[in-house]
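Novice: fold the following for me, if possible:
(chains A and B)
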Amino acid sequence: MKNIKPLNDIVKPSLVLVLVAAVVAGAVMSVYRLTYEEPADGMPEEAGIAAAELLGTTPENFTEIPGEYSDGIIAAVRTENKSVAVNLTVSGYSGEDSIDMVVAASPDGKIIGLRILKSRETPNIGTKAFEPEFLDQFSGKSKTVERSDVDIVSGATITCDAVLEGINIALSAADKI
Amino acid sequence: MSFLKTFTNGLLKGNPVLAMLLGMCPVLAITTTVINGIGMGAATIFVLVCSNTVISSLKSIIPKQIRLPAFIVIIAGFVTICGFLLARYFPDIDKALGVFIPLITVNCIILGRAESFASKNSVAKSALDGLGMGIGFTGALILIGSVREIFGNGSWMGINLFSRDAAVSFLTHPAGAFFVLGIIIAVTNILTKKMSAEKTGCKECPVSDACGKKEES
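Specialist: Sure, this is the predicted structure:
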């Protein structure tokens, strides 16, 4: 083994590495400061537009319903005539919170419509549950929707169950509001 | 190597994806659509050019013993910066690429170029090499993404070409990525073999700079 010189082989490399890491950390920190954005409160814009379309109004007519939500609910809004729209995420086949959806309900707790905003479900397989043939079955339903009340899309059972779960969470939340 | 050759090396003959088979993980995972490929390619070009430039300019300061950790720290820094910029200004691309943005750090193309090129060549040449390699990587991503999106989804850049029912949706799945990649590499091999027929030996090999073997003629 060759001679190890403490200064050249141990101290200097360590110092250089620390220096490089410090400079990089400084650069990363300053870019973080420059690009940081406060997360917006309330219903995301995209969800608001979908909810407005479902309820036949515009997002300006919504009143945010504040509160600590659980069960994946992101936000809920109310219109002047007491209709409610709930934006929530449920877990489907592709992991936690893989489906982002909006459910709109009338004042008497009936489903007006629902919209899937984003999902990570398998294209052409799980996403078959997002087609109107499946989603339109829910219109007019109220209280707890059972699996037997609708035709589940074959091949997309887990995604259908997730949508169903989301609807029931939204309906019970709308009921409390 | 001349400046022009440094740049064009990464495009086809030394293409990181099609000739060197580096960075396979993002290539297979994100090429479901062309736009994802372009986003990933742009992010990689940014990181490659920046890290190659910085590493090349620091090559005399960084002692040999710590060069790999130092390179990785520099690369990780640029990747994180790139991630912040994407999240702020291109949230859609950021969401589509997800975890593959932070994973650029461990993309072997970048560390490979740092170790085998930037740490031995001038700053200008290293930046050019990063640009060439990055464009080669992006080109491969666009090619694979195009095939998968057109035949797998019936669209290109989000424009519908034909009905989705006529598309082979298998190509958009992970296993389909291997098929498309394999066929494209085979075609590239045929093309590049024809171009440099008979002239084999270490000089012609795309990874000759990084290869530890002694020169063979």
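
Novice: now do the same contact list for the residue of chain B found nearest chain A.
Specialist: The nearest approach of chain B to chain A comes at B:G77, 3.5 Å away (CB to the nearest CB). Where you see a C-beta, it was placed from the backbone N, CA and C, and this is true even at glycine. Neighbouring residues of B:G77 by CB atoms under 8 Å, 6 or more residues apart in numbering or on different chains: A:V24, A:A25, A:A27, A:V28.

Novice: list the buried residues of the top strand by length along chain A.
Specialist: Of all the segments of type strand in chain A, defined by DSSP state E, the longest one is strand A:95-105. Across strand A:95-105, burial judged by 16 or more other CB atoms under 10 Å in any protein chain shown covers A:D97, A:S98, A:I99, A:D100, A:M101, A:V102, A:V103, A:A104, A:A105.

Novice: okay, the residues you listed in JSON lines with distance to chain B and pLDDT next?
Specialist: Output for the buried residues of strand A:95-105, formatted as JSON lines (distance: CB to the nearest CB, whole Å; pLDDT from 0 to 100):
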{"residue": "A:D97", "distance to chain B": "13", "pLDDT": "85"}
{"residue": "A:S98", "distance to chain B": "12", "pLDDT": "88"}
{"residue": "A:I99", "distance to chain B": "15", "pLDDT": "91"}
{"residue": "A:D100", "distance to chain B": "11", "pLDDT": "91"}
{"residue": "A:M101", "distance to chain B": "17", "pLDDT": "91"}
{"residue": "A:V102", "distance to chain B": "18", "pLDDT": "91"}
{"residue": "A:V103", "distance to chain B": "22", "pLDDT": "91"}
{"residue": "A:A104", "distance to chain B": "25", "pLDDT": "90"}
{"residue": "A:A105", "distance to chain B": "28", "pLDDT": "89"}
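
Novice: biggest separation within those, which pair?
Specialist: In these, two members sit farther apart than any others by CB to CB. They are A:S98 and A:A105, at 22.9 Å.

Novice: hang on, isn't B:A177 packed against B:P26?
Specialist: No: applying CB atoms under 8 Å as the test, B:A177 and B:P26 come out as separate, 10.8 Å apart.

Novice: looking at this, B:I45 is in a strand?
Specialist: No: under DSSP: H, G, I helix; E, B strand; the rest coil, B:I45 sits outside any strand and is assigned helix.

Novice: which ones are touching it?
Specialist: B:G130, B:L131, B:G134, B:I135, B:F137, B:T138.

Novice: residues from chain A in reach of chain B?
Specialist: Neighbours of chain B within chain A, by CB under 8 Å from any CB of the partner chain: A:9, A:12-14, A:16-17, A:20-21, A:24-25, A:27-28, A:31-32, A:35, A:37, A:122-124.

Novice: try 7 Å this time
Specialist: A:9, A:12-13, A:16-17, A:20-21, A:24, A:27-28, A:31-32, A:35, A:37, A:123-124 (CB under 7 Å from any CB of the partner chain).

Novice: for the residue with the largest distance to the centre of chain B, helix, strand, or coil?
Specialist: Farthest-out residue of chain B from its mean C-alpha position, per CA atoms, centre = their mean: B:D165, at 32.4 Å. Assigned by three-state DSSP, the conformation of B:D165 is helix.

Novice: please enumerate the helices of the chain.
Specialist: Assuming you mean chain A. Ranges of helices within chain A are A:12-35, A:45-55, A:132-135, A:157-176, based on DSSP state H.

Novice: correction: the question concerned chain B.
Specialist: Counting by DSSP H, chain B has helices at residues B:3-9, B:24-30, B:34-57, B:67-89, B:91-97, B:108-113, B:123-153, B:174-195.

Novice: save the ones you listed as TSV, and put in distance to A:L54 and mean pLDDT too.
Specialist: Converted to TSV, those look like this (distance: least, CB to CB, whole Å; pLDDT from 0 to 100):
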stretch	distance to A:L54	mean pLDDT
helix B:3-9	53	81
helix B:24-30	33	85
helix B:34-57	28	90
helix B:67-89	29	90
helix B:91-97	23	83
helix B:108-113	46	88
helix B:123-153	27	90
helix B:174-195	35	85
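
Novice: can you put these in JSON lines and add distance to A:E133?
Specialist: Compiled in JSON lines, these are given as follows (distance: least, CB to CB, whole Å):
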{"stretch": "helix B:3-9", "distance to A:E133": "53"}
{"stretch": "helix B:24-30", "distance to A:E133": "31"}
{"stretch": "helix B:34-57", "distance to A:E133": "29"}
{"stretch": "helix B:67-89", "distance to A:E133": "36"}
{"stretch": "helix B:91-97", "distance to A:E133": "27"}
{"stretch": "helix B:108-113", "distance to A:E133": "45"}
{"stretch": "helix B:123-153", "distance to A:E133": "20"}
{"stretch": "helix B:174-195", "distance to A:E133": "26"}
